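Chemist: what follows is a predicted protein model with its sequence.
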Amino acid sequence: MDGPKNPFVHNLELSFLQRTKIILLSLTLLPLRLLVALCCMTFCTILAYIGLYHLDSREIDDKPFTGWRLALRKVICCILRFMFFVCGFYRVKIIGEQARPCDARLLAVAPHSTFFDALGVIVMGAPSVVAKAETSSVPFWGCLIRYTQPVLVHRNDPNSRQNTIKQIVQRSNPDDDWQQVLIFPEGTCTNRSCFITFRPGAFLPGVPVQPVLLRYDNELDTVTWTWEGPPAWKVIVYTLSQFSVNYSVEFLQPYVPNQEEVNDAKLFANNVRSVMAKSLGIPTTDCSYFDYLRIEKSQRRGRYIQKLQKKLESSLIQTTSYIDSLDDKAQSPTEKELLLKKIGIVKDISGVTELLGDFLTAEGDLRDFRLSVLVSGSQNSSQSFIKEAFKIFDTHLGEDKVTRETCLHLLKFHLFLSEKEASEALEAISPQEIVNSYSFEMFITQTKPNHLKVLKALENQLSIGMTDILSKTAGITAERMAASFEKVAASGSNLVSDMSATVAAGREKMSDVLSSAVTSLHKKTDSISEKMKEE
């Protein structure tokens, strides 16, 4: 797939030396660090409970803390900073300067890649965090988060979005002495390889934002905690078993939105993301975690088709061309058995069951297999997919129309959408019983361009397999030609040997003839000489 790598996967590979170091330090340094961390967290939690004593949720949200409660928050920050110091975060490199609340009420912090990002929150003076309501009930951290007077998002509340915006706007009032509001605009943890889409909710108030960049400049990345990778306990053990962890916080200049950005929160969020991506030197992507899952499923299907093509001596596109005319027969068991015979394999060959499993089930349709093969052999996946899908399905409707049922099937099977997602997509494509190819194309190219990346992941995969076949065929041809040349050379060698023998025999015969002639001549000469003497 073109573009940045999957930002939701972190593969941590440890060398023998690194494993040895982690084992040794986990037996010596790790226990000490965990003990200090537990003591600090417990003490800070007790202090936070004291600070929140006799305050209900409304009082926490209504006005900023002052007096002893504000001083207690600073004490908690100092204790937590000491905890991180003991755990190996000895020095935090600060680049730039944190803006005053009157200059930037919002702090947009990214990339968000681990729970160790909490150190950045401490360095910034514990601003109010925009977080899920569920985080307030997490042991230790929950109480500490509540003490920052957070803006909590209740995902089950339909009015939560508006309430969140209202709170941020309220805290943006320069007349109130509220601390800044901190947001992680990505909304989830990534591996820092790129910036994913910024959620526009926090940008809706249209107030100035200060972008803040977090960096972990370590040779071994043990801190990343994302969707696919080491679990939380391994991240903690591996990180606390390092001698030190390099960490930096960079404050960029506050971003003041223009009127267009104030009116369009999505544009505002994207422009702030672009500034941060340029400063950090990494790309951006608009794919979500689930988009990447679908892309990887498509890539896996392409690899299976490529694997199958390598097992065959003929082209899969030509071998499966008969499927175009099968119509509904493509679902019959007989036709599925015929396909196996045509490609000359049996079900138990390694990898084939994995590849054909979806197509050989009772609900499987060989037209889906044919469509996947055609798309994997094309140079333009989207056009090939739409053209061929509308051509081989529902042929009685012509080459540019399919039924809603078929369209729903295409969305689920080839774009890997869930039942709910496919149903919503179908409503967006067309409310009619018959769906035309133009509406379908507009949906995946204009409305949902990420679907194009799913198809593109399959694009040209078969050509790679055909290249291997051509190379293999060329190798076999070269071997056969070499063998032929050897035979010709051997034949030529035998011919030369025969000719040499013949010439040698002829030479011997000529030698004998010449010897006889010379002997005869000598005899005649001697006879003539004797006669001359007698006379």
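Modeler: All right, it came through fine. Remember, it's a predicted structure, so these values are computed and weren't measured experimentally. Residues are numbered from 1 along each chain as shown.
Chemist: packing partners of the lengthiest strand in the chain?
Modeler: Longest strand in the chain by number of residues, with DSSP state E as the criterion: strand 209-215. Packing partners of strand 209-215 (3 or more CB pairs under 8 Å, 6 or more residues apart in numbering; DSSP states H and E): strand 106-110, strand 247-251, helix 265-280. All C-beta atoms are positioned from the backbone trio N, CA, C, and that covers glycine.
Chemist: highest average neighbour count across the ones you listed?
Modeler: Burial of these is given as mean neighbour count (mean count of other CB atoms under 10 Å); strand 106-110 ranks first at a mean of 26.
Chemist: that one - which strands sit beside it in the sheet, and in what orientation?
Modeler: Here strand 106-110 has these sheet partners by DSSP bridges: strand 181-183 (parallel), strand 209-215 (parallel).
Chemist: just those: most buried one?
Modeler: Mean neighbour count (mean count of other CB under 10 Å) peaks for strand 181-183 among the strands paired with strand 106-110, with a mean of 26.
Chemist: for residue 52, give its distance to residue 124.
Modeler: To residue 124, residue 52 is 21 Å away according to CB to CB, to the nearest Å.
Chemist: so what's the spatially closest residue to residue 12 that is not a sequence neighbour up against?
Modeler: Spatial nearest neighbour of residue 12, excluding adjacent residues (CB to CB, 6 or more residues apart in numbering): residue 230 at 5.5 Å. Residues near residue 230 by CB atoms under 8 Å, 6 or more residues apart in numbering: 10, 12, 222, 224, 238.
Chemist: quick one: distance of the helix or strand hosting residue 341 to the chain centre.
Modeler: For residue 341, the element it lies in under DSSP states H and E is helix 333-342. How far helix 333-342 lies from its chain's middle: 35 Å, per CA atoms, centre = their mean, to the nearest Å.
Chemist: ok, now stretch 408-416?
Modeler: Put simply, stretch 408-416 sits 20 Å off its chain's centre (CA atoms, centre = their mean).
Chemist: pLDDT weak spots in the stretch 401-535 of the chain?
Modeler: 464-535 (pLDDT under 70).
Chemist: just the stretch 151-300 of the chain next, same as before
Modeler: By pLDDT under 70, the weakly predicted segments of the stretch 151-300 of the chain are 155-156, 158, 174.
Chemist: where along it do the helices fall?
Modeler: Secondary structure of the stretch 151-300 of the chain by DSSP state H, counting those that start in this stretch: the helices cover 160-171, 232-240, 259-263, 265-280, 289-311.
Chemist: okay if I get these as a markdown table plus distance to residue 417?
Modeler: Formatted as a markdown table, those follow (distance: least, CB to CB, whole Å):
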| stretch | distance to residue 417 |
| --- | --- |
| helix 160-171 | 25 |
| helix 232-240 | 30 |
| helix 259-263 | 32 |
| helix 265-280 | 23 |
| helix 289-311 | 8 |
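Chemist: what number of residues lie near residue 261?
Modeler: Here the count is done by other CB atoms under 10 Å, and residue 261 has 19 residues near it.
Chemist: may I have the residues that are in contact with residue 196?
Modeler: Contacts of residue 196 (CB under 8 Å, 6+ apart): 7, 186, 188, 190, 284, 285, 286, 287, 288.
Chemist: chain neighbours aside, what residue packs nearest to it?
Modeler: Here the residue nearest residue 196, using CB to CB, 6+ apart, is residue 186, at 5.3 Å.
Chemist: how near is that neighbour to residue 416?
Modeler: Going from residue 186 to residue 416 by CB to CB gives 23 Å.
Chemist: can you check residue 257 too?
Modeler: Taking CB to CB, one finds residue 257 at 37 Å from residue 416.
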